[in-house]
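*Asks:* Got a sequence here, can you model it:
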Amino acid sequence: MQGISSRWASLFLSATVLFGAIVRFAPTIITNRPINDGGMFYIMIQDLVSNHFLIPAFTTYNHLNIPFAYPPFSFYMGGLLSLLGIPIIEIIRWIPPFVSTLSILAFYWMASLMLNSKTKATLATMVYALIPRSFSWYVMGGGLSRSFGAFFLILACASTWALYARREPKYIMLIILFGSGAILSHPETGLHAATACALIWLFKGLNVRSFRDSLVVALGVMVLTSPWWGSVLYQHGVTPFLSALNSGGNGSISMLLRLGGNLTEEPLFSLTILFGIIGFILQGRSGNWFLPFWLFLPFLVEWRSATAVAILPLSILAGAGIADLIIPLILRIKPNLKENARDWTEYMSDHRILQFTLGFYLFYAFIGAFIYDFSLANYIIPAKSLDAMQWVITNTPSNSRFIVFTGRPDPFSDPTVEWFPAVTSRSCQNTIQGKEWLLGSGFIPFLGSLDKLQSCLRENVSCVIQWSEARQLGFDYIYIEKNKVDSPPSQSSLLYQLHQDNNFVPVFENDGATIFERK
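*Replies:* Predicted coordinates:
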């Protein structure tokens with residue numbers, strides 16, 4: 001009977017991994033170019049390879065002398081794969097969903113440790129694998145670094161929990177390895193990994209021995225990551241790191257409010273939030289406060305990646321809620337089915353309602369994630385815009401400065417604006433990527449100004465000039481993507497006004513974009 005029970009758990013886990021892989025690879029399969037971001041990483045991989053895999057002082061991206069201070073693990077992976085003849089653009093497309101799929105298995109290990117149950121961990125993994133927020137930012141082009149960061153973060157947390165629960169020295173080395181991987185992959189996940197592991201220590205290992213082990217881990221991580229941060233300090237000092245710290249802003253309160261909103265990005269009714277609340281209450285009532293504390297911790301540490309980290313404890317809480325309340329309620333429909341059964345898998349063979357309920361949830365979550373995939377696939381550079389960028393390459397001076405309009409209010413979800421410098425090798429004055437290493441406390445004001453700049457599409461030319469002069473960012477060309485422009489353009493639109501302004505000359509136009517040169 002135990003074999004039948006374990007087969008049910010294995011069946012659901014296998015289906016979860018399969019469905020999770022499908023929804024992670026689907027956006028890349030649907031599109032024929034990178035999703036959303038990754039343009040800066042594309043250039044940084046090229047820079048690293050050109051410099052014989054020694055970290056260069058600056059990246060050539062956007063001609064801004066951006067310090068090459070970004071954690072380089074994913075760039076080394078991309079560069080090494082490119083030596084095998086794989087085009088860098090294909091590496092940026094396919095590696096993120098692959099690593100994100102591996103994270104499902106890493107999450108299962110972590111959940112099985114924190115719930116002390118492999119069968120409950122199966123339910124938690126089923127939740128995690130199909131939450132859009134568990135893969136949305138990891139399957140994009142920029143997911144090349146984010147996916148590795150999340151993968152190592154999960155493994156670092158699992159290893160830390162195992163160390164304090166099992167007291168086996170091998171986990172010290174694993175924490176050092178995975179913690180270093182998180183830090184060397186992504187600046188934000190490195191920070192979240194450190195604070196999550198510290199929280200685990202507070203709840204599971206608050207004693208002299210664990211304190212000593214923690215010091216060994218900290219020293220080991222510093223040594224293993226030192227070639228990166230040592231190189232940056234040698235070439236630039238602490239300035240890039242201080243600048244990046246200032247770029248996070250102070251959004252903790254506003255982001256906490258998102259716990260009541262669409263934290264999971266599910267397009268259908270969020271059963272995850274419902275089950276997570278149930279798990280939160282049950283864990284609190286039983287005095288197990290680690291997961292509830294971890295759920296809130298990311299929002300207090302760093303807001304930009306907070307939701308991506310918060311869904312880890314949320315998924316485990318949801319799995320516990322399903323196992324400890326939802327399934328027992330279902331079993332009341334057919335009571336006394338088995339006496340002294342230990343968990344849900346032992347009921348599965350004889351309980352059709354339970355089979356249907358869990359199967360329905362798996363299918364429901366899969367459909368929701370797949371619907372989300374189609375919206376994610378819209379975040380690509382339109383083909384006609386790529387044609388316009390090819391014209392830019394052959395018909396404008398190499399030192400040309402552009403302002404690019406797409407109508408997208410979020411600069412982190414604007415593939416044309418980020419990829420423009422990578423595709424054309426020209427400067428884009430309103431590209432946000434890379435400026436976190438340059439602007440320091442000026443990053444957040446600049447970020448806030450970009451939405452205002454895009455709104456200039458509905459105003460006259462002076463709106464653009466005022467934005468440019470206020471930030472001392474000169475420009476030679478205005479590039480307007482036509483995706484969000486009325487056809488024909490209204491007289492109050494920027495596109496119409498530029499056609500009437502003698503200071504600007506239309507030099508290119510197709511169905512995707514219009515380019516004006518400034519006299």
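*Asks:* Of all the residues in the strand or helix carrying residue 194, which ones are buried?
*Replies:* Here residue 194 sits within helix 187-204, counting by DSSP states H and E. In terms of neighbour count (16 or more other C-beta atoms under 10 Å), helix 187-204 has its buried residues at 187-197, 199-201, 204. C-beta: built from backbone N, CA, C; applies to glycine.
*Asks:* which one of those residues is nearest residue 457?
*Replies:* Nearest to residue 457 among the buried residues of helix 187-204 is residue 188, at 31.0 Å by C-beta to C-beta.
*Asks:* any idea of the pLDDT on that closest one?
*Replies:* Reported pLDDT at residue 188 in the predicted model: 91.
*Asks:* how about it, what does it touch?
*Replies:* Residues in contact with residue 188, defined by C-beta atoms under 8 Å, 6 or more residues apart in numbering, are 149, 248, 302, 304-305.
*Asks:* Excluding chain neighbours, give the residue nearest to the spatially most central residue of the chain in space.
*Replies:* Taking C-alpha atoms, centre = their mean as the criterion, residue 137 is the residue nearest the geometric centre of the chain, at 3.2 Å. Closest residue to residue 137 apart from its sequence neighbours, by C-beta to C-beta, 6 or more residues apart in numbering: residue 146 at 5.6 Å.
*Asks:* avg pLDDT for the strand or helix carrying that neighbour?
*Replies:* In this assignment (DSSP H and E), residue 146 forms part of helix 143-166. The pLDDT scores in helix 143-166 average 96.
*Asks:* sorry, back to before: which residues does the residue nearest to the centre of the chain contact?
*Replies:* Contacts of residue 137 by C-beta under 8 Å, 6+ apart are 143, 146, 308.
*Asks:* Farthest pair within the contacts of residue 188?
*Replies:* Pairwise over the contacts of residue 188, using C-beta to C-beta, the maximum falls at 149 and 248, 15.2 Å.
*Asks:* With neighbour numbers in mind, choose between the two.
*Replies:* residue 149 (30 against 19; other C-beta atoms under 10 Å).
*Asks:* so that one touches residue 179, yeah?
*Replies:* No. Counting by C-beta atoms under 8 Å, residue 149 stays clear of residue 179, with 11.3 Å between them.
*Asks:* Please state the offset of stretch 173-189 from the chain centre?
*Replies:* Centroid separation for stretch 173-189 versus its chain: 16 Å, with C-alpha atoms, centre = their mean, to the nearest Å.
*Asks:* Hmm, I typed the wrong one, I wanted stretch 491-502.
*Replies:* 38 Å.
*Asks:* do the same with stretch 269-284
*Replies:* Stretch 269-284 sits 23 Å away from the centroid of its parent chain (C-alpha atoms, centre = their mean).
*Asks:* Could I get the buried residue list for the host helix or strand of residue 92?
*Replies:* Using DSSP H and E, residue 92 sits within helix 88-114. Going by neighbour count (16+ other C-beta under 10 Å), the buried part of helix 88-114 is 88, 91-97, 99-114.
*Asks:* cool, stretch 493-509 as well?
*Replies:* Along stretch 493-509, these residues count as buried under the neighbour rule (16+ other C-beta under 10 Å): 493-498, 501, 504, 508.
*Asks:* how about a markdown table for those residues, with secondary structure added?
*Replies:* Formatted as a markdown table, the buried residues of stretch 493-509 follow (DSSP: H, G, I helix; E, B strand; the rest coil):
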| residue | secondary structure |
| --- | --- |
| 493 | coil |
| 494 | helix |
| 495 | helix |
| 496 | helix |
| 497 | helix |
| 498 | helix |
| 501 | coil |
| 504 | strand |
| 508 | strand |
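*Asks:* Please dump these into CSV; it should also carry distance to residue 210 and pLDDT for every row.
*Replies:* Formatted as CSV, the buried residues of stretch 493-509 follow (distance: C-beta to C-beta, whole Å; pLDDT from 0 to 100):
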residue, distance to residue 210, pLDDT
493, 63, 88
494, 60, 93
495, 63, 92
496, 67, 90
497, 66, 92
498, 65, 94
501, 68, 92
504, 66, 95
508, 64, 96
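*Asks:* Just give me the closest of these to residue 389.
*Replies:* For these, the nearest to residue 389 is residue 508 (10.2 Å; C-beta to C-beta).
*Asks:* which residue sits closest to the closest one in space, ignoring its chain neighbours?
*Replies:* Using C-beta to C-beta, 6+ apart, the closest residue to residue 508 is residue 515 (4.2 Å).
*Asks:* who are the neighbours of the one helix or strand the one you found maps to, in terms of helices and strands?
*Replies:* Assigned by DSSP H and E, residue 515 belongs to strand 513-518. Counting contacts by 3 or more C-beta pairs under 8 Å, 6 or more residues apart in numbering; DSSP states H and E, strand 513-518 is packed against helix 383-395, strand 477-481, helix 494-500, strand 504-509.
*Asks:* Verify the stated contact: residue 68 with residue 56.
*Replies:* Yes. In this structure, residue 68 is within contact of residue 56 by C-beta under 8 Å, at 5.0 Å.
*Asks:* Neighbour count: these two, which is higher?
*Replies:* Neighbours were counted for residue 68 and for residue 56 using other C-beta under 10 Å; residue 68 has more, 24 against 16.
*Asks:* residues contacting that one?
*Replies:* Residues in contact with residue 68 (C-beta under 8 Å, 6+ apart) are 44, 47-48, 55-59, 232.
*Asks:* ranges for the strands of this structure?
*Replies:* Ranges of strands in the chain, per DSSP state E, are 58-59, 66-67, 401-405, 427-428, 477-481, 504-509, 513-518.
*Asks:* Number of residues surrounding the residue nearest to residue 137?
*Replies:* Counted with other C-beta under 10 Å, residue 146 comes out at 24.
*Asks:* Quick one, which of the contacts of residue 188 has the minimum pLDDT?
*Replies:* Lowest-confidence member of those: residue 248, scoring 60 (pLDDT).
*Asks:* confidence score at the closest residue to residue 383 other than its chain neighbours?
*Replies:* Once flanking residues are discounted, residue 383 sits nearest to residue 512: 7.2 Å by C-beta to C-beta, 6+ apart. On pLDDT, residue 512 comes in at 90.
*Asks:* Tell me the strands beside the strand holding residue 515, with direction?
*Replies:* Strand 513-518 has its sheet partners listed here by DSSP bridges as strand 477-481 (antiparallel), strand 504-509 (antiparallel).
*Asks:* Can you lay out those as JSON lines showing distance to residue 209?
*Replies:* Shown next, in JSON lines, are the strands paired with strand 513-518 (distance: least, C-beta to C-beta, whole Å):
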{"stretch": "strand 477-481", "distance to residue 209": "59"}
{"stretch": "strand 504-509", "distance to residue 209": "68"}
